[in-house]
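>>> the following comprises the amino acid sequence and a computationally predicted model.
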Protein chains: 2
Amino acid sequence: MAKKENQQAADSTEQKIFDAAHEVFTQKGMDGTKMQEIADRAGINKALLHYYYRTKEKLYESVARAVISKAIPAIRQIIESDLPLEEKIRRFIETYIGIISRNPFIPLFIISEINKHPERFIDSLMPKDLPKPAFFFRQVEDEIAAGRIRPIKPQHLIVNVISLCVFPFVGKPMMRILLGMSAGEMRLFLEERKDEVTNFVLAALRP
Amino acid sequence: MAKKENQQAADSTEQKIFDAAHEVFTQKGMDGTKMQEIADRAGINKALLHYYYRTKEKLYESVARAVISKAIPAIRQIIESDLPLEEKIRRFIETYIGIISRNPFIPLFIISEINKHPERFIDSLMPKDLPKPAFFFRQVEDEIAAGRIRPIKPQHLIVNVISLCVFPFVGKPMMRILLGMSAGEMRLFLEERKDEVTNFVLAALRP
DNA sequence: ATAAAGTTTAACCGTTTGGTCAAATCCGGG
DNA sequence: CCCGGATTTGACCAAACGGTTAAACTTTAT
């Protein structure tokens, strides 16, 4: 009982650090983040960062792993499921946009990380359980062969769908400027994305 | 004549600094770039960075302005031209993907900058001559009214086109992992994007 | 109650960083 | 050649930065 409370207290400091680091790293990246800032945000002494996480690098990797793993399982389940293709595409779009809406830092963080430190991403951050799109590709090809969708390379299709889901969130500030929208208008616009992307993709696939 | 040579020598040091800064800033961002590194890359004494550009911030802004302005004029000309809609979309895709292919750092740089420092972007880096999409929007609406394309909100259309053009380049390392491609295969894949995006968009617009 | 283990603190460390400054050097014109 | 302006150099600066350390404090186990 007393041991359990202590465990929670230890978890609490470690968790405080993690949460603060999560906020600052996702906002300012690795280089722009100072350890003192994380400590300030967590309301603790900076030395504790090293007590619990040893180095800045390791703290960053912990956060990065958590960020990266936030999206993978649900996406993987859909990609590898045996739902009919159209239903799969609908589900993918709905799920992916849902996840990104609730965690808008994810795409930019991952993209930034993988572009700046490809080796680190591949060597230690990349999840082992990435979705395998082979079944999806076969589905696309079967639908093409059956004449139910127009011919398209499956690789391009999946890249198109991902692009349409992700980029408006990544490029949101710029889209907003280009479209001359207020913050409220932009929020509404992004809420429409699920339907708009689904309709666009399915329309593009008509034979 | 002799004065001209001196002018060129001055330009040469300033240009050397700019070119080196361009390389390092676009790769490592503002926070990850050290002034000594730029000086090393330019083969000059670090104090010259301050002689010519005063501060790191000003040097960064010079580079950022150049990066941002690389894409705008050609894009703007197309968006605001009175080409027929289908031709406009073809031209836009071809031009935009062409620019990004030759300058793959542009999207990530701009996205990173605008997400990390929106005020700086809006206050001092944003070009005054951004494309105004109003005419494009009217064209889309006219084509819908005439039954030549299927109904779609013009704002979503332009965001879709931009997303399809840009994101595969921004997310290239991740796409490559997902698709299990070699570097050579990925290059070929990106070369196909012009046609694939054009076909996809035009297919999506069929009535 | 006591000792051991765990956690926290605050001062400190060496290195790095953007920037400064005065002297040296270069250049062009008279 | 001399002079003044422009450019370059190399040493230096203070602050920032990730990290260390030993002592103090807290918690746990006996």
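Received the coordinates, thanks.
>>> which SS state does the closest residue to A:K46 other than its chain neighbours fall under?
Sequence neighbours aside, A:A39 is the residue nearest to A:K46 in space, at 4.0 Å (criterion: C-beta to C-beta, 6 or more residues apart in numbering or on different chains). Yep, even glycine has a C-beta here, placed from its N, CA and C like the rest. Per DSSP: H, G, I helix; E, B strand; the rest coil, the secondary structure class of A:A39 is helix.
>>> separation between A:A39 and chain B?
Applying C-beta to the nearest C-beta, to the nearest Å, one obtains 19 Å for the distance of A:A39 from chain B.
>>> just give me the neighbour total for A:I97.
Under the neighbour criterion other C-beta atoms under 10 Å in any protein chain shown, A:I97 is assigned a count of 22.
>>> is it in contact with A:L164, as I believe?
No: the pair A:I97 / A:L164 is not scored as a contact, 9.1 Å apart, by C-beta atoms under 8 Å.
>>> name the residues contacting each of those two.
Contact criterion C-beta atoms under 8 Å, 6 or more residues apart in numbering or on different chains; residues shared by A:I97 and A:L164: A:R193, A:V197.
>>> next, name the residue at the spatial heart of chain A.
Most central in chain A under C-alpha atoms, centre = their mean is A:I106, positioned 3.8 Å from the mean C-alpha point.
>>> what residues are up against it?
Shown here is A:I106, whose contacts under the criterion C-beta under 8 Å, 6+ apart are A:V67, A:K70, A:A71, A:I99, A:I100.
>>> ok, A:S69 next?
Listed by C-beta under 8 Å, 6+ apart, the contact partners of A:S69 are A:P127.
>>> which helix or strand in chain A has the lowest average pLDDT?
Across the helices and strands of chain A, the lowest-confidence element by mean pLDDT, DSSP states H and E is helix A:2-32, at a mean of 80.
>>> ok, which stretches of chain A are helices?
A:2-32, A:35-42, A:47-53, A:56-68, A:72-80, A:85-102, A:105-116, A:118-120, A:134-145, A:154-170, A:172-179, A:183-191, A:193-205 (DSSP state H).
>>> okay if I get these as JSON lines plus distance to B:I158?
As requested, the helices of chain A are exported to JSON lines (distance: least, C-beta to C-beta, whole Å):
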{"stretch": "helix A:2-32", "distance to B:I158": "28"}
{"stretch": "helix A:35-42", "distance to B:I158": "38"}
{"stretch": "helix A:47-53", "distance to B:I158": "44"}
{"stretch": "helix A:56-68", "distance to B:I158": "30"}
{"stretch": "helix A:72-80", "distance to B:I158": "27"}
{"stretch": "helix A:85-102", "distance to B:I158": "18"}
{"stretch": "helix A:105-116", "distance to B:I158": "20"}
{"stretch": "helix A:118-120", "distance to B:I158": "31"}
{"stretch": "helix A:134-145", "distance to B:I158": "27"}
{"stretch": "helix A:154-170", "distance to B:I158": "11"}
{"stretch": "helix A:172-179", "distance to B:I158": "8"}
{"stretch": "helix A:183-191", "distance to B:I158": "11"}
{"stretch": "helix A:193-205", "distance to B:I158": "12"}
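>>> of these, flag the one that's most buried.
helix A:154-170 (a mean of 23; mean count of other C-beta atoms under 10 Å in any protein chain shown).
>>> for it, packing partners?
For helix A:154-170, the elements it packs on are helix A:85-102, helix A:105-116, helix A:134-145, helix A:193-205, helix B:154-170, helix B:172-179, helix B:193-205, judged by 3 or more C-beta pairs under 8 Å, 6 or more residues apart in numbering or on different chains; DSSP states H and E.
>>> so does the last one get close to chain A?
Yes: remark: helix B:193-205 sits within contact range of chain A at B:R193, B:E196, B:V197, B:N199, B:F200, B:V201, B:A203, B:A204, B:L205, by C-beta under 8 Å from any C-beta of the partner chain.
>>> and that helix with helix A:154-170, angle?
When axes from the mean of the first three to the mean of the last three C-alpha atoms, to 10 degrees is applied, the directions of helix B:193-205 and helix A:154-170 differ by 80 degrees.
>>> how about low-confidence regions in chain A?
Confidence mapping of chain A against pLDDT under 70 gives the ranges A:1-11.
>>> got the domain ranges for chain A?
The domain map for chain A lists A:2-66, A:69-205, with the assignment taken from automatic domain parsing.
>>> dump those domains to a markdown table, plus distance to DNA strand C.
Rendered in a markdown table, the data for these read as follows (distance: least, C-beta to the nearest atom of the strand, whole Å):
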| stretch | distance to DNA strand C |
| --- | --- |
| domain A:2-66 | 3 |
| domain A:69-205 | 15 |
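>>> now do the contacts for the nearest residue to A:R41 once chain neighbours are set aside.
Sequence neighbours aside, A:A20 is the residue nearest to A:R41 in space, at 3.9 Å (criterion: C-beta to C-beta, 6+ apart). When the contact criterion is C-beta under 8 Å, 6+ apart, the partners of A:A20 are A:I38, A:A39, A:R41, A:A42.
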